[in-house]
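> could you work out the structure for the sequence below:
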Amino acid sequence: MGVSIIRLVRDLNLTLQKERSLAEEKPNIFRYGIAILAVTLISLSKLQFFNNQLNSTTTFLPLLGAVLISAWFGGLGPAILATFMSAVIADYYFLPPAKNWWEINKLVLVLIFILEGLTISFLSRFRSQAEEVRSRLAEIVESSVNAIIGMDLQGTITDWNRGARLLYGYTENEMIGKSIKTLIPTEYLPEFLSLLRYIKVGKRVKNYEISRLARDHRLIDVSLSISPIRNSTGRIIGASAIARDITESKQTERRKDEFIATASHELKTPVTSLKAYNQLLKKSLNKLKDKRIRHYVIKMDDQISRLSSLVVDLLDVTRVQSDELPLRIERFNLSLLIKETIEDIQPTSKKHKIILEGRKRLIVNADKNRLNQVVTNLISNAIKYSPSSSKIIVKILAKKRDALFSVQDFGQGIEPRDQDKIFERFFRVKDDQTSGLGMGLYICAVIIKRHRGKIWVDSKLDQGSTFFFSLPLNT
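Down below sits the predicted model:
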């Protein structure tokens, strides 16, 4: 109800402001003519019909009406003109003794009137400016290509812009007063109620990807941002939702995912076979004395391993996108897993010394292989992005009810603007000269979140980065 009243007041203000703008577009002679005419008519009426009230201090009330009329239909300049005209006429004709300019009591009253008139004039000007701002904002909302919908806290639609009509196919008259549930597929209703509870406590939702239902029953993928609407006292009375159509980009993304999945599966078998044949070749060449050939075979094996790792990452990405990333939960010592992982990685980097600190025993319930994948990725990245450093510090600690893991390097660091994006799919830091597709950290983040944990980074340019993840203990 509160939002509906606000909308009515807004529409009334916009209507009046448009009428006022039309008046201000008239020539100056018209605007100032309104002021002269208003003061003249009210003065003549007072002389004709209220002459017996010349000694009353209410003399100025009708003249204030002339100032208001001038301010409303003419603007600031005509209102000021009406103020001074009214003051002169009141001083000379209406205030006793009449036709006497210099009576001190009259001058005081006239000055008070002038102050009142100027106050009305400038307040009217400020009101006009505020209405112009509201009008521009309303025009921006109405002309936006995004769907902008206002609703109360029960989900009843109170505002519906042109972008909403184009996106969903419903007109404003069809949707005002209807429930927002009209646009929500049944399977998404619990999610909507959860978002509404979020808004009621004053929080905002940004870029939330979800599906909505159009008039022709099509499902539309949208990126949704919702903000609470507050009244003049700060109480939350509704919400505004901005929906951006991402259907086309989501379809492109799905096609890309399908291609990656197909390519990954097609590559997996020949890469595995190639790896096996190369292992046989290495064993056969071990007896040869030609070190160059053995060196080339070892290099080839390294490249095949990298290709195999890339294929595995691609498969993991497609499993994540289809929500099919399996977890095999078991109880194990996380500290021991990290120690063994470091022992496997250390021989691959002679320049870096990997230092392990912290607890020697931390029991978790998790997927051992997946966590090994995360730890391996984070430590390998630390080595890769700190080529001038000589050490990597790995810590495993218990903090309250969580196991806290960290990997600290002393390399180039990450720009602050990139730190929030570093765990996004296919994201790569600008000017990154290393190989890779930007999938490793994304997969790490998904694995940790699937374990109900958290992952984050703390980094400073030219000082290095520390990557953290936390997992619940014994859950």
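> which of the residues in stretch 185-204 are classified as buried?
188, 192, 195, 196, 198, 199 (16 or more other Cβ atoms under 10 Å). Yep, even glycine has a C-beta here, placed from its N, CA and C like the rest.
> can I get the residues you listed in CSV including distance to residue 39 and secondary structure?
As requested, the buried residues of stretch 185-204 are exported to CSV (distance: Cβ to Cβ, whole Å; DSSP: H, G, I helix; E, B strand; the rest coil):
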residue, distance to residue 39, secondary structure
188, 63, helix
192, 59, helix
195, 57, helix
196, 55, helix
198, 57, helix
199, 52, helix
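> lowest average confidence, helix or strand, in the chain?
Every helix and strand of the chain was ranked by mean pLDDT, DSSP states H and E. The lowest is helix 2-24, at a mean of 48.
> on that earlier part again, from the buried residues of stretch 185-204, which is closest to residue 347?
Nearest to residue 347 among those is residue 198, at 49.5 Å by Cβ to Cβ.
> the closest one and residue 205 touch, don't they?
Yes. Using Cβ atoms under 8 Å, residue 198 is in contact with residue 205, at 6.3 Å.
> just to revisit the earlier point, immediately after the least confident helix or strand of the chain, which helix or strand?
helix 28-49 (DSSP states H and E).
> buried sites along that next one?
For helix 28-49, a neighbour-count test (16+ other Cβ under 10 Å) marks 31, 32, 34, 35, 36, 38, 39, 42, 43, 46 as buried.
> now the residue nearest to residue 106 when sequence neighbours are not counted. Its backbone dihedrals?
If the residues on either side of it in the chain are set aside, residue 106 comes closest to residue 95, at 4.6 Å by Cβ to Cβ, 6 or more residues apart in numbering. Backbone geometry at residue 95, expressed as degrees, to the nearest 10, gives phi -90, psi 130.
> from residue 64, how far out is residue 95?
As judged by Cβ to Cβ, to the nearest Å, residue 95 and residue 64 stand 15 Å apart.
> which one of those two has more residues nearby?
When neighbours are counted by other Cβ atoms under 10 Å, residue 95 and residue 64 differ, and residue 95 comes out ahead with 23 against 17.
> make sure the more buried one is actually in contact with residue 112.
No. Contact criterion Cβ under 8 Å: residue 95 and residue 112 do not qualify, at 11.7 Å.
> just the element for residue 468, please.
Take DSSP H and E as the rule and residue 468 turns out to sit in strand 464-472.
> any idea where the helices of the chain begin and end?
2-24, 28-49, 60-74, 76-89, 104-143, 162-168, 172-175, 189-200, 247-285, 291-321, 334-345, 368-384, 416-419, 440-450 (DSSP state H).
> ok, which of these comes nearest residue 463?
The closest of the helices of the chain to residue 463 is helix 416-419. By Cβ to Cβ, the value is 12.6 Å.
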